[in-house]
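> model the following, please.
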Amino acid sequence: MEFLSATLNYPLAVIPFATSIVLVMGSPEAVPAQPRALIGGHLVATLIGLMVVHAVGAQPWAAALAVGLAVLAMFLTGTFHPPAGINPLLVVSLNLPWTFIVAPVLAGALLLAAFAFVWHRGVRRQRWPERWL
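You can find the predicted model right below:
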């Protein structure tokens, strides 16, 4: 994550993965810790934030609206990942560009899923994920 942050010139505070790491490493059996939720939740929540900020601007009320819509969208798409709830708040509050969804969000979610796979299967000798989709 530090390499990604430095390479893309995004401060680590803007990369929303700290709580995702805790969830995926600490509760790997939980539904929100599975790849569908981890990757999909970050993408869905970020996309909602980007749509809101580009539709109405970087207003405090828009950040709240984006978070609420993101939670609803994650539920409806079966990608509920609570840590991703910060994504739309960051996107709207900082007026982040569309590229944020690719890097660091998609890249970070994929890296975290790959690390979790290697860690749980290779080091802990446990089955992860419980399900891919």
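
> give the contact list for the residue nearest in space to the middle of the chain.
Nearest to the mean C-alpha position of the chain, by CA atoms, centre = their mean, lies His42 at 2.7 Å. Applying CB atoms under 8 Å, 6 or more residues apart in numbering to His42 gives the contacts Pro16, Ser20, His81, Ala84, Asn87, Val105, Leu106, Gly108, Ala109. Just so you know, the C-beta spots here come from the backbone N, C-alpha and C atoms, and that holds for glycine as well.

> in what helix or strand does it lie?
helix 35-56 (DSSP states H and E).

> again, but for Ala114
Going by DSSP H and E, Ala114 is part of helix 107-118.

> so where is the protein shaky, pLDDT-wise?
Along the chain, the parts satisfying pLDDT under 70 run over 11-13.

> and the helices in it?
Per DSSP state H, the chain carries helices over the ranges 2-8, 18-26, 35-56, 60-77, 86-94, 107-118.

> make JSON lines from these and add distance to Arg131 to it.
Formatted as JSON lines, the helices of the chain follow (distance: least, CB to CB, whole Å):
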{"stretch": "helix 2-8", "distance to Arg131": "27"}
{"stretch": "helix 18-26", "distance to Arg131": "14"}
{"stretch": "helix 35-56", "distance to Arg131": "7"}
{"stretch": "helix 60-77", "distance to Arg131": "15"}
{"stretch": "helix 86-94", "distance to Arg131": "23"}
{"stretch": "helix 107-118", "distance to Arg131": "13"}
